[in-house]
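> Provided below are the primary sequence and the corresponding predicted coordinates.
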Amino acid sequence: MHKDFTFSIKSICFDEHYSPSDKTRMTTNFANLARGDSRQQNLRNTLKMINNRFNSLAHWDNPAGDRYAVELEIVSVDINIENAGNAFPSIEILKTSILDQHTQERFDGVVGNNFSSYVRDYDFSVLLLEHNKNQPQFSIPANFGELHGQLFQHFVNSAAYKNNFKKPPVICLSVSDNKIYQRSANHHPVLGFEYLPNESSLTEQYFKKMGLQVRYFMPESCVAPLAFNFFGDLLNDYSNLELISTISTMETFQKIYRPEIYNAHAVAGLRYQPDLKSQQHSLTKIVYDREERSKLAMQQGKFAEEQFIKPYQSFLEQWSANFAR
């Protein structure tokens, strides 16, 4: 009998009372903020930063800078393999909603934003490391990222996704410190100046296998470009408020996690190379354990290998080969 995947979706509010479930990937940005003595203050400060940034970008008809509030949901996606019994936790993304506090109307924002995945942890923290363990020169394993990319595209095209979300996802990431970015003349009223990279990165290639293209923009008052990964037409498929919901959410997270780039004292110029070793930056008052995050990525990659990749290896290989046809 031919097996296939189905997906089940659960969501939980990301607010000052948020507490990670035991199934949440602990490397996930928002889970890292919601632990320890400072958890509630962390969450409160993060949400305040997001709302302040949203209102600074959505400044029209907003003289007091308090018109909008961003509401966040953490969306957890489980993979169910037919007749296999157990569901496997696959990815987590964020959904933004926008509350107009003048009219009390609520609008959909963007789904995606942050992106975390157990299979990606396996690819980067287990497979890639093992492949290069005794290699004289760094190289990429054959078919690296293929299965992950196919699973993601299968999810976005699934009934589960389409029944829950109206538009395709946009995933917003940090720029790479291995690349040089050149500012172009292209300027968008919300996204700001577009930057063009000098080459493609491994992350960019990985996301391309997920069906996503990438463009780099530096919004007003941001000090570095952000990487927007999307399907379709980023500039025309999403409203200004939808784009602002992504910028305000993900720029806030990047200021916390990548302060060397996104809380730097100098603004990116015409030619820009991010520097993660730079000391010329400010820290937010939000506590974040970066070292713990990299250790957990390896643990969770191993979990994916033991619970998903190895037990279903022959099925996954057959499914992947059929998907590629």
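Right, received. Where do you want to start?
> any low-confidence regions in this protein?
1-3, 19-39, 83, 285-294, 324-325 (pLDDT under 70).
> name the nearest residue to Leu241, sequence neighbours excluded.
What sits nearest to Leu241 in space, not counting adjacent residues and going by Cβ to Cβ, 6 or more residues apart in numbering, is Ile98, at 5.5 Å. The way it works is simple: take the backbone N, C-alpha and C, and place the C-beta from them, glycine included.
> got the phi/psi numbers for Leu226?
phi -110, psi 150 (degrees, to the nearest 10).
> just the helices from the stretch 151-300 of the chain, written as ranges.
159-164, 202-208, 234-237, 240-257, 259-262, 290-304 (DSSP state H, counting those that start in this stretch).
> now for the first one, which elements pack on it?
Judged by 3 or more Cβ pairs under 8 Å, 6 or more residues apart in numbering; DSSP states H and E, helix 159-164 is in contact with strand 5-14.
> next, the angle helix 240-257 makes with the strand it packs on.
On the basis of axes from the mean of the first three to the mean of the last three Cα atoms, to 10 degrees, strand 5-14 is oriented at 80 degrees to helix 240-257.
> and strand 5-14, how far out from the chain's middle?
Taking Cα atoms, centre = their mean, to the nearest Å, one finds the center of strand 5-14 at 16 Å from the center of the full chain.
> on that earlier part again, okay, buried residues for the strand or helix carrying the residue nearest to Leu241 please.
Element membership for Ile98, per DSSP states H and E: strand 87-100. Neighbour counts over strand 87-100 (16 or more other Cβ atoms under 10 Å) mark 88-96, 98-100 as buried.
> for Asn113, which of the helices of the stretch 151-300 of the chain is the nearest?
helix 240-257 (5.4 Å; Cβ to Cβ).
> can you show me the CA trace of the closest one as PDB?
Backbone C-alpha positions of helix 240-257 (Å, rounded to 0.1, in the frame of the first residue of the first chain) are rendered in PDB as follows:
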ATOM      1  CA  ASN A 240       2.200  47.200   3.400                       C
ATOM      2  CA  LEU A 241       0.800  46.300   6.800                       C
ATOM      3  CA  GLU A 242       1.500  42.600   6.200                       C
ATOM      4  CA  LEU A 243       5.100  43.400   5.200                       C
ATOM      5  CA  ILE A 244       5.500  45.700   8.300                       C
ATOM      6  CA  SER A 245       4.300  42.800  10.600                       C
ATOM      7  CA  THR A 246       7.200  40.700   9.300                       C
ATOM      8  CA  ILE A 247       9.800  43.400   9.500                       C
ATOM      9  CA  SER A 248       8.800  44.500  13.100                       C
ATOM     10  CA  THR A 249       8.700  41.000  14.400                       C
ATOM     11  CA  MET A 250      11.800  39.600  12.800                       C
ATOM     12  CA  GLU A 251      14.000  42.700  13.100                       C
ATOM     13  CA  THR A 252      13.200  42.600  16.900                       C
ATOM     14  CA  PHE A 253      14.300  39.000  17.100                       C
ATOM     15  CA  GLN A 254      17.400  39.700  15.100                       C
ATOM     16  CA  LYS A 255      18.300  42.600  17.500                       C
ATOM     17  CA  ILE A 256      18.200  40.100  20.300                       C
ATOM     18  CA  TYR A 257      20.000  37.200  18.600                       C
END
